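S.K.: Dropping the sequence and predicted coords here.
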Amino acid sequence: MLPIIFLMLAILGIGGLVAALAGSYSRSKLTAILFSAVALLIASYMVLGALTSPGFLGSTESLPYIGQFGIYLSFTITQFGVVLVLLASIVSFAASVAVSTKFEDNRNLYPLILLFEFSAIGLFVSANLFLFYIFWDVGVVASYFLISAFGKGENKHAANTFLIYSIFASAVLLFGIMLIYFYTPVHSFDIGYIASHSFEIPADIQGMIFTLFFIAFMVKMPIFPFHSWIANAYSEAPTQGSMLISGVLSKFGAYGMLLLFTVFAFSSEFAKYAFVIGAISSFYAAFVVMRQKDLKRIAAYSSMLESGIILVGISSLNVFGIAGALYLMLAHGLVMALMFAVIGGIEISYGSRNITMLKGIVKDSVGSAYSFLVGTFASTGIPLTAGFVADVLIFIGAIKTYGLYGAIPIFSIMLLGFYMYYAVNKSFLSTKESSQSIAKLPRQMAFTYAIAMAAIFIFGIFPYLVTALFGI
Amino acid sequence: MLTLLVIFPLLAASFLALLTYGKEKYTGPIVLAGSLITSLLIAYASFSSYGKIQELGWFGISGYTFHITTQLLPLNIILVMLIGIITPLILLYSMGYIDSKMERPRFFFEMGIFASAMLLFAISGNFITMFIAWEMLGITSYLLIGFWYHKEHAPYAARKSISTIIIGDFSMLAAMLIIWSSYHTFSFSAILAAHSTVYLPIAMLLVLIACFTKSAQFPFHEWLADAMEGPTPVSAFLHSSTMVKAGVFLVLVLSPLFFKAGLSELILSIGMISVVLGASNAISSHHIKKILAYSTIEDLGLMFVAIGLHAIIAAVLFFIVQAFYKAVLFMSAGSIMRANNEEEDIYKLYGSSRRKSLYVPMLIGVVSIAGIFPLSGFFGKAAIDTAASSNIFAYAILVIIDFATSAYIFRWMFIHSRKNSKAHQSNYAQIPRSMICAGAITSALVILAAVVFFYISGFLSYYGYSASLPLSLLDSIIETVAVALGIALSYKLFVLAKPTGAIKTRLYYALFNSVLVNAAYSYIANAIMYFAEGINVLDELIYGFFASGGEGIVAISNKLRLIVTGDTNNYLIAFVAGIILIILLLLV
């Protein structure tokens, strides 16, 4: 069989190099669009294979690396991985199509986008914790430069905050990985092996491993109280950076959480704490959103809210909750890509993101206004957008495990809805006064909106594309 | 025939409407044609698919399949037919009403989607299908109420409506997932047939909250009055066969579950409160459309009262007749406003009696809502009164409400049918023909709807309710007397006395209590915002905590690096001291 994962990673790696060496901004952008489109095709092929041919899921590709320590370059395609690879390639494709005004001549952006996509896809298909950690840190580095290299002043501070939180998470994660390595009977990083031997780890070490992993993934998702980096990081990054970081980087943590609860059997005894933390985090984010004026900050905290809901889904530990959490990762990644693209578009058209300044956007830029409305619908989980099926599955799972308490976090989304519609009415759909538009929306941005919205509706109307991976 | 197909002509026409920018004269006819085809299909499906429940798999997960289910049981057929009849009429009315070309494609698109969503709701046979339609109704009504972006209050009204409605949406979502977890199915017929479970009462309570938000019942009723900021065809549609009927309809379909969960007293009492609030505000308001809106709250309350009294057939009868007279009243209100330069205060409106083709349909509507024999409204009200005759408290209130209804609706008509003075030039000749025409057809239906009374109990025998619809002579007479007194009072106060404006006495403020309700809403909203402010302070504290951790590390590093001076003497001293320490440790 074709080594499809190696092929994909190689293509992205080469693409990154070509984009870095391309002579001009426009060539670099073109390279990024081409290579991420090819990656998107391969990802679609992977989804198709996972849905149609039975042996596809679980197929492994492996090369020896440091044999004496049991380290291999091994990759595998799981049902989680295939969905998230698709998400990463859609969002990266949308991000390489997008533009943001201020940094137009800076061609460093596109190699970074491809590098980020490389790390994300590598992470989602890696079959051992060694590779997992490497791709995790490559992702952090790429994101750091996505925030810090574009803009002046404030963004340096945001990038440093992000880096400190991320390094903390990485260190904790590495410690956890080393503990596992030394306490499994045959020292191994292989996720499949660890899954079948996790009970042989001593009980006190199990709790320690769980705590370390949980904290590392909490920082990345982000979950209360380790969330302080998101507001600055999301709002200071360029449009493409925000799309990638909120859409894909936060899924690193969520995917890790998913692995933690599905691979390590002992984590089931901590699940109820995870449920409570997830619920608190989502309500907390819903209330923090209510006082935000910057559109990017609104989107950032709504992203934190959804992370809480994802954790609720994972902690229910049944197929509904797990599948729902995976679905919500996909849905929410797409919604965030759309939201940040629209906010970027508004910034191009009006030079501001503050809802107290922006008024009557529907008058001059109809596309941005209605796209934002679609984003609002999607983030509150209106049926026929991708979020709805995810919410249904997650809360069925939560109710099955936690009874009526499982239904409570639903109402945090309601609180988000109140404020989102307030923002929409204040700045978008009320033209009694309207702000002066300073520039027309570039055509690339319209394409970006279209890509994200198409994906949102496709996964909303045909949910079996994801749910079929869990058995019909 | 696949029942789901009835929606598609209308849905396709709505999307076509979006393509008609530049050729706006075709927009209305395209959507109207689509809705007429849909109406024909509805008529066909009602015979060919009668009693059928059809399931289409939507997605499946680990052995469970989630279906898009449609059913055409008698109740569904009633609602589907109502929509099928009223939608083309409203669209006909809109063709004259929306005169700005630029607005036309968007308006007809949103109206078409709105009607399709309601159709999907009417034929839905399980919770998930119902919920799709329910949410579509919510967002399209939001867009339609805020349709005129340039108006000062329209966006506010739209936000108020959506904020109320999403409370219901998420209650409904929670309820249906709780129900699924207990029964492992979303299907209405399976759940109705199953035994009740522990979670049923709480789930049905949540469903009821959702229905109260959609059907504008206390304490969620105020959005409906603000929704009058939308274009008049929207109001006519919203109040007659769509949206607000959704809540009542769902309670009707699931009524055995509500009774099983022991919620009939709650339904009865909320219905009563809403009836009283609706009538008192309708009597005191002087906004031409808001009077009708409060009257709708009262009507819906009456339906809930009937359901609470287990008089399902009476509720269904009233459900049907209310749709027609409310549609004609709103259409007339829109026409009158059009003739008076979109003035909304009834004391500034004049001469609706000048154009007979407008006045006669409106009179039919007014007589029907007041409840005068032999028009359809009479049967609906008398049936509910008869059902309440066992409960003396409810009966007393209902009779007073009959009196109040005829008083406020004749007040409404008497005031704006006064003759013009010279200062107020109104032009009844400029009302577009399609608006008049739609009103006239609807008023004919108001008369015909009286026939429903004779067939309704036979039609609903499918559900096994008691065979006939009781209508006692005594109750009918009491009702008629109350109505006559109401008309007399209204005639005395508003025709003979010739009022020129609302008289703001204490009684007025007691009756017009929507101000208080709105104050309560903003109090709650402010409380939430203050809480959010507190959480934000906490958020800054958390950020500060981590930041000060960082600063602490920097401070330690600042102290420590002073040791690293590069001075060889210092290093040598430290080195010697270290060696001495090690030797001491070894000795000890």
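M.R.: The structure has been received and is ready for your questions.

S.K.: just the helices in the stretch 351-500 of chain B please.
M.R.: B:356-370, B:376-388, B:392-416, B:433-448, B:452-459, B:473-491 (DSSP state H, counting those that start in this stretch).

S.K.: Buried residues, stretch B:338-352. List them.
M.R.: B:338-340, B:343, B:346, B:348-352 (16 or more other Cβ atoms under 10 Å in any protein chain shown). Where you see a C-beta, it was placed from the backbone N, CA and C, and this is true even at glycine.

S.K.: list the contacts for residue 392?
M.R.: In the absence of a named chain, this looks at chain A. Residue A:392 is in contact with A:324, B:66, B:128, B:173, B:177, counting by Cβ atoms under 8 Å, 6 or more residues apart in numbering or on different chains.

S.K.: Go through those and name the one nearest residue B:266.
M.R.: Closest to residue B:266 out of those is residue B:173 (20.8 Å), distances taken as Cβ to Cβ.

S.K.: residue contacts, the closest one?
M.R.: Applying Cβ under 8 Å, 6+ apart, we find residue B:173 in contact with A:381, A:391-392, A:395, A:410, B:131.

S.K.: which of the residues you listed are buried?
M.R.: Members of the contacts of residue B:173 classed as buried by 16+ other Cβ under 10 Å are A:381, A:391-392, A:395, A:410, B:131.

S.K.: List the ones among the residues you listed that fall in strands.
M.R.: Secondary structure defined by DSSP state E assigns none of these to strands.

S.K.: Show me these that map onto helices.
M.R.: A:391-392, A:395, A:410, B:131 (DSSP state H).

S.K.: Can you tell me which of the residues you listed comes closest to residue A:180?
M.R.: Closest to residue A:180 out of these is residue A:395 (32.1 Å), distances taken as Cβ to Cβ.

S.K.: What is the neighbour count of the residue nearest to that closest one when sequence neighbours are not counted?
M.R.: Nearest non-adjacent residue to residue A:395, counting by Cβ to Cβ, 6 or more residues apart in numbering or on different chains: residue B:177, 4.8 Å away. Look at residue B:177: counted by other Cβ atoms under 10 Å in any protein chain shown, it has 29 neighbours.

S.K.: So residue B:177 lies in a helix, does it not?
M.R.: Yes - under DSSP: H, G, I helix; E, B strand; the rest coil, residue B:177 falls within a helix.

S.K.: from what I can see it touches residue A:399, true?
M.R.: Yes - when contacts are counted by Cβ atoms under 8 Å, residue B:177 is listed as touching residue A:399 (5.7 Å).

S.K.: Tell me how many other residues crowd residue 69.
M.R.: All of this is about chain A. 12.

S.K.: switch to chain B, that's the one I care about
M.R.: Using other Cβ under 10 Å, residue B:69 has 26 neighbouring residues.

S.K.: any residues touching the helix or strand containing it, and which ones?
M.R.: Using DSSP states H and E, the element containing residue B:69 is strand B:64-71. Here strand B:64-71 makes contact (Cβ under 8 Å, 6+ apart) with A:392, A:472, B:2-4, B:52-60, B:123-126, B:128-129, B:184, B:186-189.

S.K.: Buried ones only from these, please, as a PyMOL command.
M.R.: Selection of the buried residues among those in PyMOL, burial being defined by 16+ other Cβ under 10 Å:
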select buried, (chain A and resi 392) or (chain B and resi 3+4+53+54+58+59+60+123+124+125+126+128+129+186+187+188)
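
S.K.: quick one, what contacts residue A:113?
M.R.: For residue A:113, the contacting residues are A:32, A:36, A:92, A:95-96, A:146, A:240, A:244, by Cβ under 8 Å, 6+ apart.

S.K.: ugh, typo on my part, it should be residue B:230
M.R.: Residues in contact with residue B:230 (Cβ under 8 Å, 6+ apart) are B:144-148, B:154, B:157-158, B:238.

S.K.: could you dump those residues to a markdown table with pLDDT and distance to chain A?
M.R.: Shown next, in a markdown table, are the contacts of residue B:230 (pLDDT from 0 to 100; distance: Cβ to the nearest Cβ, whole Å):
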| residue | pLDDT | distance to chain A |
| --- | --- | --- |
| B:144 | 90 | 12 |
| B:145 | 89 | 11 |
| B:146 | 86 | 6 |
| B:147 | 88 | 10 |
| B:148 | 87 | 9 |
| B:154 | 86 | 8 |
| B:157 | 88 | 10 |
| B:158 | 89 | 7 |
| B:238 | 84 | 18 |
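
S.K.: Name only those of the residues you listed that count as buried.
M.R.: Among these, those scoring as buried are B:144-148, B:154, B:157-158, B:238 (criterion: 16+ other Cβ under 10 Å).

S.K.: send the alpha carbons of the strand holding residue B:69 over as PDB?
M.R.: Output of strand B:64-71 as PDB, limited to C-alpha atoms (Å, rounded to 0.1, in the frame of the first residue of the first chain):
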ATOM      1  CA  TYR B  64     -28.400   3.600  16.900                       C
ATOM      2  CA  THR B  65     -29.800   5.400  13.900                       C
ATOM      3  CA  PHE B  66     -31.100   9.000  14.000                       C
ATOM      4  CA  HIS B  67     -34.000   9.500  11.600                       C
ATOM      5  CA  ILE B  68     -35.700  12.300   9.800                       C
ATOM      6  CA  THR B  69     -39.200  11.300  10.600                       C
ATOM      7  CA  THR B  70     -42.400  12.700   9.100                       C
ATOM      8  CA  GLN B  71     -46.000  11.900  10.100                       C
END
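
S.K.: so residue A:343 sits right up against residue A:299, yeah?
M.R.: Yes - Residue A:343 is within contact range of residue A:299, at 6.4 Å (criterion: Cβ under 8 Å).

S.K.: list residues touching both of these two?
M.R.: residue A:242.

S.K.: ok, those two, which is more surrounded?
M.R.: Neighbour tally, residue A:343 and residue A:299, criterion other Cβ under 10 Å: the higher count belongs to residue A:299, 28 against 24.
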